[in-house]
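Enquirer: Fold the following, please.
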Amino acid sequence: MAKFHSIKVADIYKETKDCTVISFEIPDDLKSEFQFKQGQHLTLRTMIDGNEVRRSYSLCSSPIENKWNVAVKKINEGLFSTFVNEKLRKGDVLDVMAPNGTFFTEIDPKKAKNYIAFAAGSGITPILSIIKTHLALEPESTFKLFYLNRTVKSIVFKEEIEQLKNVYFNRFEIFHFLTKEHRPAELFNGRFSKEKMKVITDKLVDVSSIDACFICGPEEMIYLLRDELTEAGLAKDKIHYELFTSGISEADKQRISKIIEKKVEGTEVTIIDGGKEFHFVMGDDFDNILDGALAAGADLPFACKGGVCSTCRCQVVEGTAEMKLNYSLEEEELAKNYILSCQAVPTSKKVVVDFGI
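Expert: As a prediction, this is how the structure comes out:
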């Protein structure tokens with residue numbers, strides 16, 4: 001069941017010209033339910049022009065701060081982001097789902113670990129939460145952040161990052177990359193590239209000492225960095241990434257078309273959620289389990305419907321289904337038959353999925 005709570009906006013302010021930070025006032029009786037891990041996100045819901053709109057935004061605050069803050073960057077023609085940046089006010093109420101997401105590694109105060117992170121623009125939001133938490137709770141660990149923006153003025157959380165650098169001056173390093181302003185060192189001009197990654201892995205990072213890498217940004221950047229870091233010797237299971245947007249390539253479109261052709265007509269679907277079962281038959285108008293279930297009257301958690309946020313994650317316990325896209329589930333989750341219901345095409349006559357696992 002999609003469990004939302006009506007939460008008041010405690011504060012709202014502009015971090016940059018086109019990025020707004022929302023602070024939520026979580027009631028005492030909900031604080032245990034809203035406890036979160038660094039790097040997780042909140043799913044927000046509201047009515048805009050008579051239509052229900054949902055979006056997921058990463059928490060930029062740390063669990064140790066007892067704050068629930070998200071940053072929303074305005075995007076062109078972005079319905080929810082425009083609403084937040086232009087109309088939302090302190091004291092307003094939004095529907096908020098409890099924190100979710102797997103973009104984190106566990107804290108271990110007894111170990112000295114070395115972390116690196118790459119972020120682009122508003123992709124800094126979960127990265128900031130991760131950095132603050134690990135530096136505070138792992139007193140011997142180090143962090144290096146490589147942060148890409150257009151200009152100095154567009155750097156989200158610039159002051160807070162500089163403060164962290166001052167507090168953890170011998171454990172935290174920040175490298176700013178700009179695309180619209182010139183830097184004295186050529187390395188820091190422009191986007192990440194194979195050539196830049198070669199310099200970074202040769203001169204700035206000892207790959208053999210890295211315990212975990214976090215990447216948040218657009219798909220093209222993430223896959224470039226992943227491949228170059230892997231080529232440099234960093235194990236794939238140490239690389240964790242999260243997309244904040246997704247685009248469908250021509251290759252994806254062709255693969256999606258082939259998967260949809262495998263859809264079994266009239267599949268009997270059983271949804272298990274909170275110990276209760278919901279049964280329906282997939283209609284011809286829907287190619288994924290989530291849309292079919294919603295049309296049949298089910299109340300399920302979802303946000304982006306683009307295979308990015310993992311809010312609609314569930315586990316196939318009987319039958320089969322193939323995903324059109326997957327930008328969030330990792331290999332170990334796939335091995336346990338987890339799927340994104342918004343992308344899952346049923347490929348057997350009967351499918352049972354559990355949202356409570």
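
Enquirer: and Lys194, what does it touch?
Expert: Lys194 makes contact with 224, 228, according to C-beta atoms under 8 Å, 6 or more residues apart in numbering. In this view, the C-beta of every residue, glycine as well, is placed from N, C-alpha and C.

Enquirer: again, only using 6 Å
Expert: With contact set as C-beta atoms under 6 Å, 6 or more residues apart in numbering, Lys194 has no partners.

Enquirer: and if you look at the one 5 residues further on?
Expert: For Val199, the contact set (C-beta under 6 Å, 6+ apart) comprises Leu187.

Enquirer: Just confirm it is within a helix.
Expert: Yes - per DSSP: H, G, I helix; E, B strand; the rest coil, Val199 lies within a helix segment.

Enquirer: Give me the local confidence score for it.
Expert: Confidence at Val199, expressed as pLDDT, is 97.

Enquirer: residue boundaries of the strands in the stretch 51-200 of the chain?
Expert: For the stretch 51-200 of the chain, the strands defined by DSSP state E, counting those that start in this stretch occupy 51-58, 69-73, 93-97, 114-120, 142-149, 172-178.

Enquirer: Tell me which other helices or strands the second one touches.
Expert: Packing partners of strand 69-73 (3 or more C-beta pairs under 6 Å, 6 or more residues apart in numbering; DSSP states H and E): strand 19-25.

Enquirer: which residues are contacting the strand it packs on?
Expert: Contact with strand 19-25 is made by 7-15, 68-73, 84-85, 156, as judged by C-beta under 6 Å, 6+ apart.

Enquirer: domain ranges for this structure?
Expert: According to automatic domain parsing, the chain comprises the domains 4-97, 114-243, 250-354.

Enquirer: related to what we said a few turns ago, mind checking the strands of the stretch 51-200 of the chain for the one nearest to Ser257?
Expert: Ser257 sits nearest to strand 51-58 of all the strands of the stretch 51-200 of the chain, at 26.9 Å, using C-beta to C-beta.

Enquirer: Now the helix or strand encompassing Glu333: buried residues?
Expert: Counting by DSSP states H and E, the element that carries Glu333 is helix 331-335. Buried residues in helix 331-335, counted by 16 or more other C-beta atoms under 10 Å: Glu333.

Enquirer: got the phi/psi numbers for Ala293?
Expert: Backbone torsions of Ala293, given as degrees, to the nearest 10, read phi -70, psi -40.

Enquirer: Please name the residues that touch it.
Expert: For Ala293, the contact set (C-beta under 6 Å, 6+ apart) comprises 271, 300.

Enquirer: so of the contacts of strand 19-25, which ones are in helices?
Expert: Among the contacts of strand 19-25, DSSP state H puts 84-85 in helices.

Enquirer: Show me which of the contacts of strand 19-25 are buried.
Expert: Those of these that meet the buried threshold are 7, 9, 12, 15, 68-73, 84-85, 156, by 16+ other C-beta under 10 Å.

Enquirer: out of those, who's nearest Phe146?
Expert: Of all the buried ones among the contacts of strand 19-25, Phe146 sits closest to Val156, with 14.7 Å by C-beta to C-beta.

Enquirer: Wait, Ser348 touches Thr320, no?
Expert: Yes - if you go by C-beta atoms under 6 Å, Ser348 and Thr320 touch, sitting 4.5 Å apart.

Enquirer: More neighbours: the two, which one.
Expert: A side-by-side neighbour count of Ser348 and Thr320, using other C-beta atoms under 10 Å, places Thr320 first with 18 against 14.

Enquirer: Next up, the contacts around Asp29.
Expert: Residues in contact with Asp29 (C-beta under 6 Å, 6+ apart): none are found.

Enquirer: same deal with Leu135?
Expert: Contacts of Leu135 (C-beta under 6 Å, 6+ apart): Tyr168.

Enquirer: State the distance from it to Ile64.
Expert: According to C-beta to C-beta, to the nearest Å, Leu135 stands 10 Å off from Ile64.

Enquirer: Could you do His240 as well?
Expert: Distance of His240 to Ile64, computed by C-beta to C-beta: 20 Å.

Enquirer: now Val167
Expert: Distance from Val167 to Ile64, counting by C-beta to C-beta: 13 Å.

Enquirer: picking up where we left off before, what helices or strands is the helix or strand just after the helix holding Glu333 leaning on?
Expert: Sequence order places strand 338-340 as the next helix or strand after helix 331-335, per DSSP H and E. On a contact count with 3+ C-beta pairs under 6 Å, 6+ apart, strand 338-340 meets strand 313-318, strand 321-323.

Enquirer: list the helices and strands the helix or strand of the chain with the lowest mean pLDDT packs on?
Expert: The helix or strand of the chain with the lowest confidence, counting by mean pLDDT, DSSP states H and E, is helix 250-261 at a mean of 84. Helices and strands touching helix 250-261, by 3+ C-beta pairs under 6 Å, 6+ apart: there are none.

Enquirer: how about that helix: buried residues?
Expert: Residues 256, 259 are the ones in helix 250-261 that count as buried (16+ other C-beta under 10 Å).

Enquirer: Convert the C-alpha atoms of it to PDB, please.
Expert: Once non-C-alpha atoms are left out, helix 250-261 reads as follows in PDB (Å, rounded to 0.1, in the frame of the first residue of the first chain):
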ATOM      1  CA  GLU A 250      17.400   3.800 -29.600                       C
ATOM      2  CA  ALA A 251      19.000   0.500 -28.400                       C
ATOM      3  CA  ASP A 252      16.700   0.600 -25.300                       C
ATOM      4  CA  LYS A 253      13.700   1.300 -27.500                       C
ATOM      5  CA  GLN A 254      14.500  -1.800 -29.700                       C
ATOM      6  CA  ARG A 255      15.000  -4.000 -26.600                       C
ATOM      7  CA  ILE A 256      11.800  -2.700 -25.000                       C
ATOM      8  CA  SER A 257       9.800  -3.500 -28.100                       C
ATOM      9  CA  LYS A 258      11.100  -7.100 -28.000                       C
ATOM     10  CA  ILE A 259      10.200  -7.500 -24.400                       C
ATOM     11  CA  ILE A 260       6.700  -6.200 -24.900                       C
ATOM     12  CA  GLU A 261       6.300  -8.800 -27.600                       C
END
